[in-house]
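S.K.: Here is a sequence together with a model predicted from it:
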Amino acid sequence: MAKRLTIVDRMTDEELMKAVCDGDHTAYKTLINSHVKSVGSCAYRILGNKNDAADICQETFLRVWLHPQTWNPKKSKLATWLYKIAYNLCIDHLRKYKKDSYVADPQKRFEEILQSTDAEEIHSSIIHRRLNFSLKMLPENQRSALTLCHYSGFSNKEAAVIMNVSVRALESALARARRSLKKILSDQSGVNSDNGCWSKHLDQINTKKHNHEY
């Protein structure tokens, strides 16, 4: 068993998927361990809820086990395929439960969230909480574009494939997301003086747009 684990740990994504197609549970668990954190993080940033993100993550990998043959390594990387599954599940979830989190008054909503029990459960760090709350205030397409391109490291072209939109539409959503996030974070500066942190974060986002075009 130990020897099998060692062999599986050295497999590429393509080799692991071939093994999963053959019903190899060890390869499947290794595949999950390799990608579950990043897929779960993406789902959480889009949905803004830990429990919902966990459900989406579980459903994503269940589909991998049930339909591994649907991945074509010649057409996309495994990560792109996984994220596309997770993204579609997230959008279905938002539409089903109408949980698109855009709000007209982000400052008021931010202050409400800081007082809620749920806020304390999301992150131990106040800065991380603020960032995630700010992302939740963006419309779904802007939040998804920023999540995929900045936080998950996909190129604009890859993110467009995942979201099933044109590269031009993806870039437009990114531009709007950056402007919206800048405004929301600026509004939050009245609650606490972390302006330097937000400026640095926004600079990183704006810099990334030059590094992940294609």
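M.R.: Alright, I've got the coordinates.

S.K.: Helices of the chain, start to end?
M.R.: 2-9, 13-21, 25-47, 50-66, 78-97, 106-114, 117-122, 126-136, 140-146, 156-163, 167-188, 195-211 (DSSP state H).

S.K.: Where does the record place the domain boundaries for this protein?
M.R.: 1-99, 102-214 (automatic domain parsing).

S.K.: Could you tell me the least trusted of the ones you listed?
M.R.: Mean pLDDT is lowest for domain 102-214 among those, at a mean of 70.

S.K.: quick one: which of the helices of the chain is nearest Asn72?
M.R.: helix 78-97 (8.2 Å; Cβ to Cβ). Any C-beta I mention is one placed from the backbone N, CA and C, and that applies to glycine too.

S.K.: quick one, what contacts the nearest residue to Ala177 once chain neighbours are set aside?
M.R.: Spatial nearest neighbour of Ala177, excluding adjacent residues (Cβ to Cβ, 6 or more residues apart in numbering): Gln142 at 3.6 Å. For Gln142, the contact set (Cβ atoms under 8 Å, 6 or more residues apart in numbering) comprises Ala173, Leu174, Arg176, Ala177, Ser180.

S.K.: from what I can see the second one touches Leu146, true?
M.R.: Yes. Taking contacts as Cβ atoms under 8 Å, Leu174 lies within contact range of Leu146: 6.5 Å.

S.K.: Quick check: chain neighbours aside, which residue is closest to Val39?
M.R.: Ala86 (5.1 Å).

S.K.: what's the answer for Ala173, then?
M.R.: Ala145 (4.0 Å).

S.K.: just Ala159 next, same as before
M.R.: Leu148 (3.9 Å).

S.K.: so that neighbour makes contact with Met163?
M.R.: Yes. Counting by Cβ under 8 Å, Leu148 touches Met163, with 7.2 Å between them.

S.K.: what's the overlap in contacts for those two?
M.R.: Tyr87.

S.K.: Of the two, which one has the most company?
M.R.: More neighbours surround Leu148 than the other of Leu148 and Met163, with 28 against 21 (other Cβ atoms under 10 Å).
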